[in-house]
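Peer 1: Using only what follows, build the 3D model:
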Amino acid sequence: MSDGAKLLLIGMMGAGKTTVGRILADRLGWPYVDSDSQVHQATGKTVPELFAEGGEAGFRAAEAAALRSAVDEPGPAVVSVAGGAVLDAENRRVISSAGSVVWLRADPATLAARVGDGSGRPLLDDDPVAALQRLDAVRRPLYADLADDVVDVDDLTPDDVADRVLAETGLGGAGGGGSAGGGATG
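Peer 2: Down below sits the predicted model:
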(Lines give C-alpha, C1' and ligand atoms only; values in the text may rest on other atoms or scores of the structure.)
Protein backbone atom coordinates (compact mmCIF):
# COMPACT_ATOMS: atom_id res chain seq x y z
CA MET A 1 0.00 0.00 0.00
CA SER A 2 1.32 3.46 -0.83
CA ASP A 3 2.18 5.98 1.87
CA GLY A 4 -1.02 7.76 2.87
CA ALA A 5 -3.31 5.05 1.58
CA LYS A 6 -6.08 3.81 3.80
CA LEU A 7 -7.13 0.37 4.94
CA LEU A 8 -10.91 0.42 4.55
CA LEU A 9 -13.15 -2.15 6.21
CA ILE A 10 -16.53 -2.70 4.59
CA GLY A 11 -19.38 -5.00 5.54
CA MET A 12 -22.74 -5.21 7.19
CA MET A 13 -23.61 -3.92 10.64
CA GLY A 14 -22.51 -6.53 13.14
CA ALA A 15 -19.61 -7.79 11.01
CA GLY A 16 -17.11 -6.31 13.47
CA LYS A 17 -15.78 -3.34 11.51
CA THR A 18 -15.41 -1.10 14.56
CA THR A 19 -13.91 -3.71 16.86
CA VAL A 20 -11.53 -5.09 14.23
CA GLY A 21 -10.72 -1.59 12.96
CA ARG A 22 -9.55 -0.51 16.40
CA ILE A 23 -7.41 -3.64 16.76
CA LEU A 24 -5.86 -3.08 13.33
CA ALA A 25 -5.14 0.59 14.00
CA ASP A 26 -3.49 -0.32 17.30
CA ARG A 27 -1.35 -3.01 15.71
CA LEU A 28 -0.33 -0.82 12.77
CA GLY A 29 0.17 2.33 14.83
CA TRP A 30 -2.21 4.16 12.48
CA PRO A 31 -5.12 6.48 13.30
CA TYR A 32 -8.54 4.87 13.42
CA VAL A 33 -11.61 6.46 11.85
CA ASP A 34 -15.14 5.10 12.27
CA SER A 35 -17.68 6.52 9.80
CA ASP A 36 -20.55 6.31 12.28
CA SER A 37 -18.56 8.21 14.92
CA GLN A 38 -17.56 10.79 12.32
CA VAL A 39 -21.22 11.33 11.43
CA HIS A 40 -22.04 11.84 15.11
CA GLN A 41 -19.12 14.25 15.59
CA ALA A 42 -20.01 16.28 12.50
CA THR A 43 -23.74 16.53 13.18
CA GLY A 44 -23.96 16.26 16.96
CA LYS A 45 -26.75 13.75 16.42
CA THR A 46 -27.06 10.00 16.83
CA VAL A 47 -27.98 7.79 13.89
CA PRO A 48 -31.58 7.35 15.14
CA GLU A 49 -31.89 11.14 15.54
CA LEU A 50 -30.64 11.71 12.00
CA PHE A 51 -33.11 9.16 10.65
CA ALA A 52 -35.94 10.78 12.60
CA GLU A 53 -35.09 14.27 11.34
CA GLY A 54 -34.07 13.68 7.73
CA GLY A 55 -34.95 10.08 6.99
CA GLU A 56 -32.49 7.68 5.44
CA ALA A 57 -31.57 10.23 2.73
CA GLY A 58 -30.47 12.77 5.35
CA PHE A 59 -28.40 10.16 7.14
CA ARG A 60 -26.79 8.95 3.88
CA ALA A 61 -25.75 12.53 3.00
CA ALA A 62 -24.03 12.91 6.38
CA GLU A 63 -22.47 9.47 5.96
CA ALA A 64 -21.05 10.40 2.52
CA ALA A 65 -19.53 13.61 3.91
CA ALA A 66 -17.93 11.65 6.76
CA LEU A 67 -16.48 9.11 4.34
CA ARG A 68 -14.96 11.82 2.13
CA SER A 69 -13.49 13.51 5.20
CA ALA A 70 -11.97 10.25 6.45
CA VAL A 71 -10.24 9.40 3.20
CA ASP A 72 -9.07 12.98 2.57
CA GLU A 73 -7.04 13.06 5.80
CA PRO A 74 -3.32 12.86 5.05
CA GLY A 75 -1.38 9.75 5.98
CA PRO A 76 -2.42 6.16 6.43
CA ALA A 77 -5.44 5.22 8.55
CA VAL A 78 -7.79 2.35 9.24
CA VAL A 79 -11.32 3.37 8.23
CA SER A 80 -14.45 1.46 9.21
CA VAL A 81 -16.91 2.38 6.48
CA ALA A 82 -20.57 2.55 7.42
CA GLY A 83 -22.35 -0.53 6.09
CA GLY A 84 -24.74 1.30 3.78
CA ALA A 85 -22.20 3.71 2.30
CA VAL A 86 -21.73 1.28 -0.59
CA LEU A 87 -25.26 1.99 -1.82
CA ASP A 88 -24.11 5.26 -3.38
CA ALA A 89 -22.05 5.10 -6.60
CA GLU A 90 -19.91 8.11 -5.65
CA ASN A 91 -19.16 6.56 -2.25
CA ARG A 92 -18.09 3.36 -4.01
CA ARG A 93 -15.71 5.39 -6.18
CA VAL A 94 -14.29 7.12 -3.09
CA ILE A 95 -13.84 3.80 -1.27
CA SER A 96 -12.19 2.00 -4.17
CA SER A 97 -9.73 4.83 -4.84
CA ALA A 98 -8.74 5.43 -1.19
CA GLY A 99 -6.67 2.33 -0.51
CA SER A 100 -7.00 -1.36 0.29
CA VAL A 101 -10.61 -2.50 0.78
CA VAL A 102 -11.35 -5.52 2.96
CA TRP A 103 -14.85 -6.97 3.21
CA LEU A 104 -15.61 -8.47 6.62
CA ARG A 105 -18.14 -10.99 5.36
CA ALA A 106 -20.66 -12.63 7.69
CA ASP A 107 -23.79 -14.70 7.29
CA PRO A 108 -27.02 -12.86 8.14
CA ALA A 109 -27.57 -15.30 11.05
CA THR A 110 -24.24 -14.24 12.57
CA LEU A 111 -25.09 -10.59 12.06
CA ALA A 112 -28.50 -11.03 13.69
CA ALA A 113 -26.95 -12.70 16.74
CA ARG A 114 -24.48 -9.83 17.08
CA VAL A 115 -26.91 -6.92 16.70
CA GLY A 116 -29.50 -8.40 19.05
CA ASP A 117 -32.81 -6.55 19.06
CA GLY A 118 -31.41 -3.87 16.76
CA SER A 119 -31.84 -0.96 19.17
CA GLY A 120 -30.09 2.14 17.86
CA ARG A 121 -30.15 0.71 14.33
CA PRO A 122 -33.10 2.29 12.48
CA LEU A 123 -32.96 0.00 9.44
CA LEU A 124 -33.66 -3.11 11.51
CA ASP A 125 -37.21 -2.17 12.54
CA ASP A 126 -39.04 -4.81 14.56
CA ASP A 127 -37.55 -7.86 12.83
CA PRO A 128 -33.74 -7.65 12.76
CA VAL A 129 -33.30 -11.10 11.19
CA ALA A 130 -35.56 -10.39 8.20
CA ALA A 131 -34.15 -6.85 7.81
CA LEU A 132 -30.57 -8.12 7.81
CA GLN A 133 -31.42 -10.73 5.19
CA ARG A 134 -32.96 -8.03 2.95
CA LEU A 135 -30.04 -5.64 3.44
CA ASP A 136 -27.49 -8.39 2.86
CA ALA A 137 -29.13 -9.40 -0.43
CA VAL A 138 -28.80 -5.82 -1.74
CA ARG A 139 -25.35 -5.02 -0.36
CA ARG A 140 -23.49 -8.32 -0.81
CA PRO A 141 -22.83 -7.83 -4.56
CA LEU A 142 -21.63 -4.27 -3.92
CA TYR A 143 -19.22 -5.40 -1.20
CA ALA A 144 -17.97 -8.17 -3.48
CA ASP A 145 -17.29 -5.71 -6.31
CA LEU A 146 -15.39 -3.31 -4.04
CA ALA A 147 -13.34 -5.76 -2.00
CA ASP A 148 -9.67 -6.28 -2.68
CA ASP A 149 -9.74 -8.99 0.01
CA VAL A 150 -12.47 -10.88 1.88
CA VAL A 151 -12.32 -12.26 5.41
CA ASP A 152 -15.16 -14.53 6.57
CA VAL A 153 -15.74 -13.56 10.20
CA ASP A 154 -18.49 -15.95 11.35
CA ASP A 155 -16.36 -18.30 13.42
CA LEU A 156 -13.44 -16.00 14.25
CA THR A 157 -12.57 -13.82 17.21
CA PRO A 158 -11.86 -10.14 16.49
CA ASP A 159 -8.12 -10.77 16.97
CA ASP A 160 -8.27 -13.66 14.48
CA VAL A 161 -10.08 -11.44 11.98
CA ALA A 162 -7.39 -8.77 12.42
CA ASP A 163 -4.68 -11.40 11.86
CA ARG A 164 -6.35 -12.47 8.61
CA VAL A 165 -6.82 -8.88 7.42
CA LEU A 166 -3.13 -8.16 8.01
CA ALA A 167 -2.13 -11.36 6.22
CA GLU A 168 -4.46 -10.75 3.25
CA THR A 169 -3.34 -7.14 2.79
CA GLY A 170 0.36 -7.86 3.27
CA LEU A 171 0.50 -5.56 6.30
CA GLY A 172 1.10 -8.47 8.70
CA GLY A 173 4.65 -7.54 9.63
CA ALA A 174 3.71 -4.07 10.82
CA GLY A 175 2.70 -4.06 14.46
CA GLY A 176 2.06 -5.31 17.96
CA GLY A 177 -1.07 -6.53 19.76
CA GLY A 178 -4.20 -4.98 21.20
CA SER A 179 -7.96 -5.20 21.51
CA ALA A 180 -10.94 -2.90 21.41
CA GLY A 181 -14.67 -2.55 22.00
CA GLY A 182 -17.94 -2.54 20.01
CA GLY A 183 -19.57 -0.64 17.12
CA ALA A 184 -22.57 1.49 16.23
CA THR A 185 -24.59 1.07 13.03
CA GLY A 186 -24.17 -0.44 9.62
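
Peer 1: only C-alpha atoms for contact and neighbour calcs from this point on.
Peer 2: Noted.

Peer 1: Can you give me the buried ones in the host helix or strand of Arg22?
Peer 2: Taking DSSP states H and E as the criterion, Arg22 maps to helix 17-28. Along helix 17-28, these residues count as buried under the neighbour rule (16 or more other CA atoms under 10 Å): Lys17, Thr18, Thr19, Val20, Gly21, Arg22, Ile23, Leu24, Ala25, Asp26, Arg27, Leu28.

Peer 1: what's the longest strand seen in the chain in contact with?
Peer 2: In the chain, with assignment by DSSP state E, the single longest strand is strand 99-105. Residues outside strand 99-105 that contact it (CA atoms under 8 Å, 6 or more residues apart in numbering): 1, 5-12, 15-17, 95, 143-144, 146-154, 165, 169.

Peer 1: Now it: average pLDDT?
Peer 2: For strand 99-105, mean pLDDT rounds to 96.

Peer 1: now it and helix 17-28, what's the angle there?
Peer 2: 130 degrees (axes from the mean of the first three to the mean of the last three CA atoms, to 10 degrees).

Peer 1: got the angle for the lowest-mean-pLDDT helix or strand in the chain vs helix 17-28?
Peer 2: Ranked by mean pLDDT, DSSP states H and E, the weakest helix or strand in the chain is helix 35-43, scoring a mean of 81. Calculated by the same axes, to 10 degrees, helix 35-43 forms an angle of 100 degrees with helix 17-28.

Peer 1: Could you list every helix and strand in contact with helix 35-43?
Peer 2: Using 3 or more CA pairs under 8 Å, 6 or more residues apart in numbering; DSSP states H and E, the elements in contact with helix 35-43 are helix 47-72.

Peer 1: Give me the mean pLDDT for the helix it packs on.
Peer 2: 84.

Peer 1: Same question for stretch 146-163.
Peer 2: Regarding stretch 146-163, the rounded mean pLDDT is 96.

Peer 1: and the end-to-end length of that stretch?
Peer 2: 21 Å (CA to CA, to the nearest Å).
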